[in-house]
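S.K.: have a look at this prediction, sequence included:
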Amino acid sequence: MIDLYTFGTPNGRKASIMLEEVGLPYNVHTVHIGKDEQFAPDFLKISPNNKIPAIVDNDVPGAPISVFETGAILIYLAEKTASPLLPTEVRARADVMQWLMWQMGGQGPMFGQANWFIGNQPDNERAIARYVDESVRLLGVLDRNLAGRDYMAGDYSIADIATYAWCAGRIQGWMPEQRPGQLEEFSHVTRWQTACAARPAVAKGMTVPS
């Protein structure tokens, strides 16, 4: 059994979607970041960066294995289950990995900053413009990639899980207001989002924690 420590954020959703996709049983432990529960000493032993999500895998020889950081969690779970969500063929694996790193190093942080400034410092026009502009650029990168593919690396993979969790609700939540009419240009992203959302594991994972 896997223990999942999470909260209802895009990063938290990555782990729960992945657990649903690979079919591993798991217990949910809600870490309420609005109440600073991520700083609790017991949680810091699992996630020393005081961020959710984190997992503890008890189904291993010897001591349980704890993993923090979403990219590491996705890779760990894919390898544990020999899932096709992370291919073993060298070219296909490299493609998935580069898009996963694109999400972790670019899309997630930029979407997060745009969302934070719009919600918490709505008068900070320079910061909002900076992060929204970069988020729009990244959407363009994603849209161009998806123009010739069903999913980010061809077949559905951990790169799609990571990226969808940050797209779902976020683009519709703030982008049209900041860039009226521009979202419609990303038709391939819209088609891809619909395909991801239709997966039962994605729908279930997006509800964790309830």
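M.R.: That came through fine.
S.K.: settle this for me: residue 81 is touching residue 18, isn't it.
M.R.: No: if you go by C-beta atoms under 8 Å, residue 81 and residue 18 don't touch, sitting 9.6 Å apart. In short, each C-beta sits where N, CA and C put it, glycine included.
S.K.: got the domain boundaries for the chain?
M.R.: Annotated domains of the chain cover 2-84+201-205, 90-199 [automatic domain parsing].
S.K.: which of those comes out lowest on mean pLDDT?
M.R.: Mean pLDDT is lowest for domain 90-199 out of those, coming in at a mean of 88.
S.K.: which helices and strands does the longest helix along the chain pack with?
M.R.: Counting by DSSP state H, the longest helix found in the chain is helix 125-146. Applying 3 or more C-beta pairs under 8 Å, 6 or more residues apart in numbering; DSSP states H and E, one finds that helix 125-146 contacts helix 108-120, helix 170-178, helix 187-197.
S.K.: show me what counts as buried in it.
M.R.: Under the neighbour-count criterion of 16 or more other C-beta atoms under 10 Å, helix 125-146 has 128, 131-132, 134-136, 138-139, 142-143, 145-146 buried.
S.K.: then stretch 20-29?
M.R.: 20-22, 24, 26, 29.
S.K.: and stretch 67-77, by the same measure?
M.R.: Buried residues in stretch 67-77 (16+ other C-beta under 10 Å): 67-71, 73-77.
S.K.: list just the nearest of these to residue 124.
M.R.: Of all these, residue 70 has the smallest distance to residue 124: 27.2 Å, by C-beta to C-beta.
S.K.: isn't that closest one up against residue 53?
M.R.: Yes: at 6.5 Å, residue 70 and residue 53 qualify as touching, with contact defined as C-beta under 8 Å.
S.K.: counting only helices, which of the buried residues of stretch 67-77 make the cut?
M.R.: Using DSSP H, the buried residues of stretch 67-77 in helices are 70-71, 73-77.
S.K.: center of the chain - which residue?
M.R.: Nearest to the geometric centre of the chain sits residue 162, at 3.1 Å (C-alpha atoms, centre = their mean).
S.K.: what's the helix or strand for it?
M.R.: helix 158-167 (DSSP states H and E).
S.K.: just how off-centre is that helix within its chain?
M.R.: Using C-alpha atoms, centre = their mean, to the nearest Å, the distance from the centre of helix 158-167 to the centre of the chain it belongs to is 5 Å.
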